[in-house]
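Student: Turn this into a structure:
(chains A and B)
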Amino acid sequence: MKKIIYSLSFLLILTAISCGSTKNSSAEKNTEMTKDINIMPQSGPSPSIRFSKPIIHKLANGLTIIVVENHKLPNVNASLRIDNQPLRLRDKKGSDDLLSALLGSGSKNVSKDQFNEKTDFYGAFVSLYDGGFNINALSKYFPEILQLTIDQVLHPVFSEEEFNTEKKKAEESLKMDEKNTPSIAHSVTNKLAYGDHPYGEFTSQKTLKNVNLEDVKKYYHKNFAPNNAYLIVVGDVKASDINKIAEKEFKDWMPAPQNKPLSLPAINAVTSTEIDFINMPNAEQTELAVVQRSDIRRNNPDYQKVLLMNAILGGDFNSYLNMTLREEHGWTYGARSNFGTDKYGSIFKASTSIRNTVADSAVTVTLAQINKIINEKVDSTTLANNKAKYVGSFVLQMEKPATIANQAYNMLINNLPEDYYKNFLKKLDAVSVEDIQAVAQKYLHPNQLRIVMAGKASITVPGLEKAGYKINFYNKNGELVEKPKMHIKIPDGVTTQSVLDHYFEAIGGKEKINNIKSVFATYETDMQGQVLQQEIKKMTPNKSAMAIKMGDMTLQKIVFDGAKGYQEAQGQKVDLDAETAKKMKEEVQPFSEMPLYKTGKLDRVENIDGTNYYVIKGADKTDYYFDSKTGYKTKEVKYMSVAGKERTQPITLSDYKSFNGIKFPGKISLSFGPQKMEFTLKDIKVNTLSNQDFK
Amino acid sequence: MKKIKLTLTALLLSIASTTMAQKIDYEEFTLSNGLDVILHEDHTAPVVSVGVMYHVGAKDETPNRTGFAHFFEHLLFEGTKNIKRGEWFKIVSSHGGKNNANTSDDRTYYYEVFPSNNLALGLWMESERMRHAVINKIGVDTQNEVVKEEKRMRYDNQPYGHFLEAIKKNVFTKHPYNHTTIGKMAHIDAATLEEFIAFYKKYYIPNNATLVIAGDIDKANARKLIDKYFASIPKGKEIIKNKIKELPITQEKQAVYYDKNIQKPAVMQAYLTPSMKDRDAYALDLLSSYLSSGKSSVLYKKLVDNKKLALMVGAFNMSQEDYGTYIIFGIPIGNDLNVITREIDAEIVKVQTDLISEKNYQKLLNKVENNFVNSNTSMQGIANNLAKYHVLYGDTDLINKELDIYKSITREDIRNVAKKYLNKNQRVLLEYLPKKEAIK
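Tutor: Residues are numbered from 1 along each chain as shown, chains lettered A, B, ... in the order given. The predicted model follows:
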């Protein structure tokens, strides 16, 4: 076992950064600079770090064995990892999950029960999956466990019975997650971010159904090969022993035919920033992820710069994202970001779990942090602190012998130079404030971000719409859907009565209203250049008259005197039929909403353009909309049957104006299909009418 | 044939008796202000873990202030007299370290792990917390929201996130274990600044705390630093703990909980068991390992593998300082919870009647040994264990003795605890069901 002692230059870096000062404190012998306990103590002289070197051995079939000996503890951690290009499984997605479930369920030599009994008996943890296995065991039992596990993955039995059992379990497992917001958010985010790329696939009930045992076997034979496989063993072992076992146990593992690596599809980009929303009505929080492709790889000279840039943006507790979303606003338990470096395809992801009511604001703040790191130079202390954090984590990682093994593995699968980790900290230290901004500009694309959100749409979407974002809606399977009908809960304490009370209060108060016996309103509208007036007269208890005039000419007229009435148009006068007269007799004038106290029912809350409206259903097949904040009645929608078809006649009321202390809608709009007529209030006379006006 | 069999048995037993696991050496002493200190020296890596365990947790809360102790833990990151608000995490990371804290029903633990040339810094920071943490309104207001989001993230938005809450409130009628550490939103909102300050003064005193240091240290130097930073913190008023007795369950209690984040139901049995300090708790640990640890375990084999009735099944003894809760749960294939309960009950009857086999017994001990090695791998892990045994068990040396205690548990002991504690009339039977809400 060789040891490497880090060069003096690295130690100087460690010293300078961990002191947070420019003084070279390795010259200091005392670990305390002051007797004053109120002052933060200085760091002591840097510790020396010794590395053990991994022992690497390659088999003829392509399997690489990495061993790190460490005899401090009597145990071993080992894994087999297969680093093949990911395969697109498409409608057979789930073959991989089922392969993972079937490996370990029996080999040609050792049955499932025998295998489980043996590994459990030794107190070991063994997990097998489609890409390899992991073992944690006491060193005295390890060689046997390793042999048994290798046997399971190289000579699997793949019984039909086991397959059916595991498939059924997998279906039930998917059911378990049907309302799991974080899990669904994760799957759909990947699907949307990666698009056609294999990393975008996830197992659904639909694809799982298609999978049969042959598919699993096919996938196994294609993927489970030694060409790009690594056996990593760390702990209380001798490398020579492990290599011997591996040579013996893996000798009949044939390499797969070397296929040309398929060109993987480019990661799904958007042309402009958009929100992709998955409605989860049961969600207590909104899962928010801002994603784009990641073009950085470990062997790229920009790597250390991007690492630090990401650390500052969202890499840890002190990052821009966490400090704003959590510490400044208290909207989340934590926010983080990451640039993936997977050679087969990677994304950048900034994510957090945020409460539904502030999710829209969180989007704004998140985008602001991304823009901040692009447009503003980072503070030099912040950069220095983040460098120190990486240096420190290097030291802390030295505690784990697995670190050496992982570093060796990373170097091999990413084609990194031999001195990669030796030079890592030097490169890190050289990064400047300008470098951070430059890589932010190079690798972040703020105008092409996909913002994937999974949460309760009825709470979150109105705010997003108000902010002007383009929103696409997706279902749990990542399929584009229509905007969901959103159910908003009626708040506690809001009733038919309270809504009506609020309305009457808003328009002047019940006292004033009760003193008004008649209202004479004149509205005007412009129809193709001609000005039309609408005169509306209302008097207690139920008298009403309406006339449409053009100048002096009355075009249309309806009059009801409390008992009977007539309609007049183009010179023709027709009496109101009994049914219409009956209805008009039941109306209450001049404030026709009064009967709603008895006959109306608060039916629902509707959100329109960011505002909530309380909707009262009247007995006259009309829905009355009241603004939840102002109390004003802003819309009436009449439901009627015309020639056997359901039609709605919406009337919108807005721009309430005060006349003698009572407010009336300054604008009334009617829609006739595509046609819209808008009437503007010109004048209101109160308590001026008499019975004569209703003849 | 006989000869070989004996040899095999002898071999198995000899493996059992060889203690291969490491012994953790440590020193412990108490300062005159009551602060208990534990030191563990290990030069394998240039790393040091500094932690302080305060003997206060969720069970010390008043019934209308659940979540208080955990909320308070958050407040202790807000700053001290000499560490400005927002600086705590920066100081740690800029010195190459990492840190965290956690609260349980029984205790609150704060720790940092640094490169070993920053021992003084770690000690200074923890002493600052103990001596003069700043508890103020802006801290309370910010962390109020953060804690509520933590609750939403960990429990309210997770499938089956409320199962422990449902179990605790049904098993414990008198004891404060009946509420959760995270608490209720309403209580979190009701907590006042004055109450937090009073809590700090009462519980965050050296005579209610244990300082533990593990790693690349020079013990003499460590003692000097500890003295410098901690000795002058004044001793606090002795805390008198009201140990509340819980009533035994004598009749099966049926309960239901509706969770809107799930589609599949689950069934849980929960039994009241003794404190983790009690020898019976060790036997119950082995029992749960026998029942559900690993794919060769009794419950997994029968319910998941052979009869294909369950998607998941598990048994665990959640033992704590004052009492324990033994929980067995199952998630069915399909929706039939009754068959799961029947099958589990049949296995309980078996372990109450028959002794487990010698081979299975040996398996349990092997598992305990592997777990022991795994939990004492890092300096952070060792420090945590040292503090835990000292504060909650009153015996630091259990870190080395526990393995022997497990080995002293016999097959008869395992049968006896099953007979004593796992009877139908002594349990809560909880149906954990999907909430059928007409939400669009």
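Student: Can you list the low-confidence ranges for the chain?
Tutor: Since no chain was named, I'll use chain A. Residues of chain A meeting the criterion pLDDT under 70: A:1-34, A:49, A:51, A:259, A:268, A:644-645, A:672-674.
Student: my question was about chain B
Tutor: B:1-21, B:437-440.
Student: How many residues are close by the closest residue to chain A within it?
Tutor: When scored by CB to the nearest CB, chain B has residue B:96 as its residue closest to chain A, at 1.7 Å. No exception for glycine: its C-beta is placed from N, CA and C like everyone else's. When neighbours are counted by other CB atoms under 10 Å in any protein chain shown, residue B:96 registers 25.
Student: Ok, residue A:76 next?
Tutor: 24.
Student: Give me the helices and strands touching the helix or strand harbouring it, please.
Tutor: Here residue A:76, judged by DSSP states H and E, is contained in strand A:75-82. Judged by 3 or more CB pairs under 8 Å, 6 or more residues apart in numbering or on different chains; DSSP states H and E, the packing partners of strand A:75-82 are strand A:132-138, helix A:142-154, strand A:229-235, helix B:358-375.
Student: closest one to residue B:260 among the ones you listed?
Tutor: Of all these, strand A:132-138 sits nearest to residue B:260, with 34.8 Å by CB to CB.
Student: Does the closest one reach chain B?
Tutor: Yes - applying CB under 8 Å from any CB of the partner chain, one finds strand A:132-138 in contact with chain B at A:136-138.
Student: what's the burial count for the residue of the stretch 351-500 of chain A found nearest chain B?
Tutor: Distances between the stretch 351-500 of chain A and chain B by CB to the nearest CB are smallest at residue A:392, namely 1.7 Å. Look at residue A:392: counted by other CB under 10 Å, it has 25 neighbours.
Student: Name the SS class of the residue lying closest to it once chain neighbours are set aside, please.
Tutor: Spatial nearest neighbour of residue A:392, chain neighbours left out: residue B:96 (1.7 Å); criterion: CB to CB, 6 or more residues apart in numbering or on different chains. Secondary structure, DSSP: H, G, I helix; E, B strand; the rest coil: residue B:96 is coil.
Student: Correct me if wrong: residue B:96 contacts residue B:114.
Tutor: Yes - using CB atoms under 8 Å, residue B:96 is in contact with residue B:114, at 6.6 Å.
Student: Touching both of these two, which residues are there?
Tutor: A:392, A:396 (CB atoms under 8 Å, 6 or more residues apart in numbering or on different chains).
Student: Give me the contacts around stretch A:129-140.
Tutor: A:74-82, A:96-97, A:99-100, A:103, A:122-127, A:142, A:145-146, A:149, A:153, A:219-220, A:223-224, A:229, A:235-237, B:15, B:20, B:366, B:369-370, B:373-374.
Student: Name the SS class of residue A:351, please.
Tutor: Secondary structure of residue A:351, per three-state DSSP, is strand.
Student: Actually, residue A:120.
Tutor: helix.
Student: where's stretch B:291-308 relative to the chain centroid, distance-wise?
Tutor: In terms of CA atoms, centre = their mean, to the nearest Å, the centre of stretch B:291-308 is found 26 Å from the chain centre.
Student: Please put the alpha-carbon coordinates of it into CSV.
Tutor: What follows is stretch B:291-308, C-alpha atoms only, in CSV (Å, rounded to 0.1, in the frame of the first residue of the first chain):
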residue,chain,number,x,y,z
LEU,B,291,-39.4,-10.9,12.4
SER,B,292,-38.5,-8.5,9.7
SER,B,293,-34.9,-7.8,9.1
GLY,B,294,-33.8,-9.1,5.7
LYS,B,295,-35.4,-11.3,3.1
SER,B,296,-35.0,-14.5,5.1
SER,B,297,-37.0,-12.9,7.9
VAL,B,298,-40.2,-14.6,9.0
LEU,B,299,-42.6,-11.8,8.1
TYR,B,300,-41.0,-11.0,4.8
LYS,B,301,-40.8,-14.6,3.7
LYS,B,302,-44.3,-15.4,4.6
LEU,B,303,-46.2,-12.3,3.6
VAL,B,304,-44.2,-10.8,0.8
ASP,B,305,-42.5,-13.9,-0.7
ASN,B,306,-44.5,-17.0,-0.2
LYS,B,307,-48.1,-15.9,0.3
LYS,B,308,-47.7,-12.7,-1.8
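Student: does any part of it sit near chain A?
Tutor: Yes - interface with chain A: stretch B:291-308 contributes B:293-297, B:301, B:304-305, B:308 (CB under 8 Å from any CB).
Student: Contacts for the helix or strand harbouring residue A:522 next, please.
Tutor: Here residue A:522 sits within strand A:518-527, counting by DSSP H and E. The contact list for strand A:518-527 (CB under 8 Å, 6+ apart) reads A:531-540, A:590, A:664, A:668, A:677-689, A:693.
Student: Which positions within that strand qualify as buried?
Tutor: Using 16 or more other CB atoms under 10 Å in any protein chain shown as the test for burial, strand A:518-527 gives A:518-523, A:525.
Student: Repeat that for stretch A:659-676.
Tutor: Within stretch A:659-676, judged by 16+ other CB under 10 Å, the buried ones are A:659, A:662, A:664-669.
Student: Was I right to think the residue of the stretch 351-500 of chain A closest to chain B contacts residue B:114?
Tutor: Yes - between residue A:392 and residue B:114 there is a contact under CB under 8 Å: 7.3 Å.
Student: Please enumerate the shared neighbours of those two.
Tutor: Here residue A:392 and residue B:114 share the contacting residues B:95-97, scored by CB under 8 Å, 6+ apart.
Student: Reformat the residues you listed as CSV; add distance to residue B:28.
Tutor: Below are the shared contacts of residue A:392 and residue B:114 laid out as CSV (distance: CB to CB, whole Å):
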residue, distance to residue B:28
B:95, 27
B:96, 28
B:97, 24
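Student: Closest to residue A:554 out of the residues you listed?
Tutor: When those are ranked by distance to residue A:554 (CB to CB), residue B:97 comes first, at 87.5 Å.
Student: give the contact list for the closest one.
Tutor: Residue B:97 makes contact with A:392, A:396, B:112-115, B:118, B:121-122, according to CB under 8 Å, 6+ apart.
Student: Check those and tell me the two furthest apart.
Tutor: Largest pairwise distance in those, by CB to CB, is 14.3 Å, between A:396 and B:121.
Student: what number of residues lie near residue A:61?
Tutor: Applying other CB under 10 Å, we find 16 residues neighbouring residue A:61.
Student: who's in contact with it?
Tutor: Per CB under 8 Å, 6+ apart, neighbours of residue A:61: A:226-227, A:250-251, A:253-255.
Student: got those residues as a markdown table, with neighbour count and secondary structure columns?
Tutor: Below are these laid out as a markdown table (neighbours: other CB atoms under 10 Å in any protein chain shown; DSSP: H, G, I helix; E, B strand; the rest coil):
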| residue | neighbour count | secondary structure |
| --- | --- | --- |
| A:226 | 21 | helix |
| A:227 | 16 | helix |
| A:250 | 19 | coil |
| A:251 | 12 | coil |
| A:253 | 18 | coil |
| A:254 | 13 | coil |
| A:255 | 15 | coil |
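Student: Give me the residues contacting the strand holding residue A:76.
Tutor: Looking at strand A:75-82 with CB under 8 Å, 6+ apart, the contacting residues turn out to be A:131-139, A:142, A:146, A:150, A:153, A:223-225, A:228-237, A:402, A:409, B:370, B:373-374.
Student: Tell me if stretch B:367-383 is near chain A.
Tutor: Yes - judged by CB under 8 Å from any CB, stretch B:367-383 and chain A are in contact via B:367-371, B:373-374, B:376-379.
Student: coming back round to it: list just the nearest of the buried residues of strand A:518-527 to residue A:186.
Tutor: Nearest to residue A:186 among those, with distances taken as CB to CB, is residue A:525, at 54.6 Å.
Student: Same question for the host helix or strand of residue B:290: list its buried residues.
Tutor: Assigned by DSSP H and E, residue B:290 belongs to helix B:279-292. Going by neighbour count (16+ other CB under 10 Å), the buried part of helix B:279-292 is B:280-292.
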